[in-house]
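[1] Here is the input, now give the coordinates:
(chains A and B)
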Protein chains: 2
Amino acid sequence: MFYVIGLGLCDEQDITLRGLEAVKSCTRVYLEAYTSILMVQKERLESLYGKSVILADRDMVETQSDEILRDADKENVCLLVVGDPLGATTHTDIIIRARELKVPVQVIHNASIMNAVSSCGLQLYNFGQTVSLVFFTETWKPESFYDRIKENVDLGLHTLVLLDIKVKEQSEENLARGRKIYEPPRYMSIPQAVSQLKEIEDIRQSGLLTPENTLAIGISRLGGGPEHEKLVAGTLAHLAAQPDELFGEPLHSLIVVGKRLHHIEVDYAGAFAVDQAEWRRVAQEVYGCNLD
Amino acid sequence: MFYVIGLGLCDEQDITLRGLEAVKSCTRVYLEAYTSILMVQKERLESLYGKSVILADRDMVETQSDEILRDADKENVCLLVVGDPLGATTHTDIIIRARELKVPVQVIHNASIMNAVSSCGLQLYNFGQTVSLVFFTETWKPESFYDRIKENVDLGLHTLVLLDIKVKEQSEENLARGRKIYEPPRYMSIPQAVSQLKEIEDIRQSGLLTPENTLAIGISRLGGGPEHEKLVAGTLAHLAAQPDELFGEPLHSLIVVGKRLHHIEVDYAGAFAVDQAEWRRVAQEVYGCNLD
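    Below you'll find the model as predicted:
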């Protein structure tokens, strides 16, 4: 059996009993380590599982899937994925390959940022499509995320914006010269994400994302419990003005709040507001939410 | 501490290690038993936890929250929720009440139908807002779900349709007479859901949901692994024509496939098709998906 197992959002304690039992039955355990990160090192996993864990980078998962799947028709092999295996990151390619090889597959689900985002107090029902925001470069500033947010905003829906992470990336020079030297990991911060939104808003000038009148929520280390999690609600201007240190260690996500906003959502998320009075004022006056 | 703990989708093995540790620390353990169901009885949970579990019906959670929260500022109490505590079902009311009582709260997330729906092979990124479909009665056929699906369809997005369940409901007569006699539980089947969609389509006549040209996927007992899960893909006409027995025991959900359909999604979900050739033909000819 080839198991694809979600580890949940924080550390080794977020695996399910079903997932842990599957891991313990496996002869090889791979950890997908390039699209998300746990808040602990792999040694903590190895200690819990009582076996070694092989780090699988993008190159391995994408080009050496047959090696990962080797003998999985005769013994158990698993690929561990932070969050849910088919959530923000999707591992459908390797599952389709397993099918071609007649290897049975079982996905063991777990919490993903795609559902745990509800911790901010906004209802999952009121979210539209999720978008990803990549690091802009001097020459590459893809704008399609903006159109997706606009589609949601036009319907009054909230948008979860997943922020880029760069793990084990090569510089252009090292890539060109074939040198396997990797840059330090980079994780997009919430103020940086807001700044990139603003950059496209300034080009488009559609009035979609105005700093003073658009509500947003920054989420850090979701799933880590009260001692790790950090939620910060406010206008885009509020979030842009916070120091990176406020949000702390990665991973971070951003929510753009839609107009189909219920007063209970305003109350719940208001507990995380930089400025409660302003949070409620914008919800009432700009979003038309009845808070009386 | 008041813990609100997701149990995941199938049975007692789907709790996380973090969740189980929290349950074990609690003096009272409530199980929310009216918006979803596990595939096992509560005795299996009690045996795993080594303590008794109190079934909490809608009445208890909605009107006796202070009893559930009693002493939670001094000891640990938990509310167990099938799936994720803030997923398809939301327990924000009791969390807000806990805050008012100065009771610290921790949510422990888990897989929800809202993210595990990705098991069907459609990408979560391509889903719009989720809708709920309630049992129609002779006199009550709410249509708002149709407008929500239309908003998604117009953007080319997939829609997860959650199907009604009725647990511990009273008949109108028993309700009127104040008799606490409850009807047997009812769970909407996938053919019934399709029939209700068709009923509204026949009224609206907007061409949104045509039996032969709309692709859909029925999902049963998601998260139960290969021996329990059942996915059935086809046109709405295909799904409507299947016997209820094909889908088996509850819970069931339905996905209406949107036009922003990728060929990998078609391939992946094609494995579940009633009629593979027809699935691909509609994907190609009606949805405009390039499958060559």
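[2] Can you tell me the centre-most residue of chain A?
    If you average the C-alpha coordinates of chain A and look for the closest C-alpha using C-alpha atoms, centre = their mean, you land on A:Leu162, 4.9 Å from that point.
[3] Any stretches of the stretch 151-292 of chain A with poor pLDDT?
    Low-confidence segments of the stretch 151-292 of chain A, defined by pLDDT under 70, are absent.
[4] need the residues of it near chain B, please.
    Taking C-beta under 8 Å from any C-beta of the partner chain as the criterion, the neighbours of chain B within the stretch 151-292 of chain A are A:Glu151, A:Leu155, A:Leu157, A:Gly223, A:Gly225, A:Pro226, A:Ile264, A:Asp267, A:Tyr268, A:Ala271. Just so you know, the C-beta spots here come from the backbone N, C-alpha and C atoms, and that holds for glycine as well.
[5] ranking these by neighbours, who comes first?
    Counting neighbours by other C-beta atoms under 10 Å in any protein chain shown, A:Gly223 comes out on top of those with 28 neighbours.
[6] Skipping adjacent residues, who's closest to that residue in space?
    Of all residues not flanking A:Gly223 in the chain, A:Leu9 sits nearest, at 2.8 Å (C-beta to C-beta, 6 or more residues apart in numbering or on different chains).
[7] One more: A:Thr235?
    Closest residue to A:Thr235 in three dimensions, ignoring its sequence neighbours and counting by C-beta to C-beta, 6+ apart: A:Glu212, at 5.6 Å.
[8] what's the distance between the one you found and chain B?
    Taken as C-beta to the nearest C-beta, to the nearest Å, the spacing of A:Glu212 relative to chain B amounts to 27 Å.
[9] that older thread, residues in contact with the residue nearest to A:Gly223?
    The contact partners of A:Leu9, by C-beta atoms under 8 Å, 6 or more residues apart in numbering or on different chains, come to A:Val82, A:Gly83, A:Ala111, A:Ser112, A:Ile113, A:Ala116, A:Leu222, A:Gly223, A:Gly224, B:His109.
[10] mind running it again at 6 Å?
    For A:Leu9, the contact set (C-beta atoms under 6 Å, 6 or more residues apart in numbering or on different chains) comprises A:Gly83, A:Ala111, A:Leu222, A:Gly223.
[11] shouldn't the first one be in contact with A:His109?
    No: taking contact to mean C-beta atoms under 6 Å, the distance of 9.8 Å between A:Gly83 and A:His109 leaves them out of contact.
[12] Kindly state the domain boundaries assigned to chain A.
    Following the TED database, chain A resolves into domains at A:2-111, A:114-287.
[13] Is it possible to get a markdown table of these that adds distance to B:Ala241?
    Written out in a markdown table, the entries for these read as follows (distance: least, C-beta to C-beta, whole Å):
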| stretch | distance to B:Ala241 |
| --- | --- |
| domain A:2-111 | 27 |
| domain A:114-287 | 30 |
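[14] circling back to that earlier point, tell me how far the residue nearest to the centre of chain A lies from A:Thr35.
    The gap separating A:Leu162 from A:Thr35 is 10 Å, by C-beta to C-beta, to the nearest Å.
[15] if you go through the stretch 101-250 of chain A in chain order, where are the strands?
    With strands called from DSSP state E, counting those that start in this stretch, the stretch 101-250 of chain A shows them at A:105-108, A:131-133, A:159-163, A:165-166, A:186-187, A:215-220, A:230-235.
[16] winner for burial among the ones you listed?
    Per-stretch averages of neighbours, counted by mean count of other C-beta atoms under 10 Å in any protein chain shown, single out strand A:215-220 among these, with a mean of 26.
[17] what lines up beside it in the sheet?
    Strand A:215-220 pairs in its sheet with strand A:230-235 (antiparallel), strand A:252-256 (antiparallel), by DSSP bridges.
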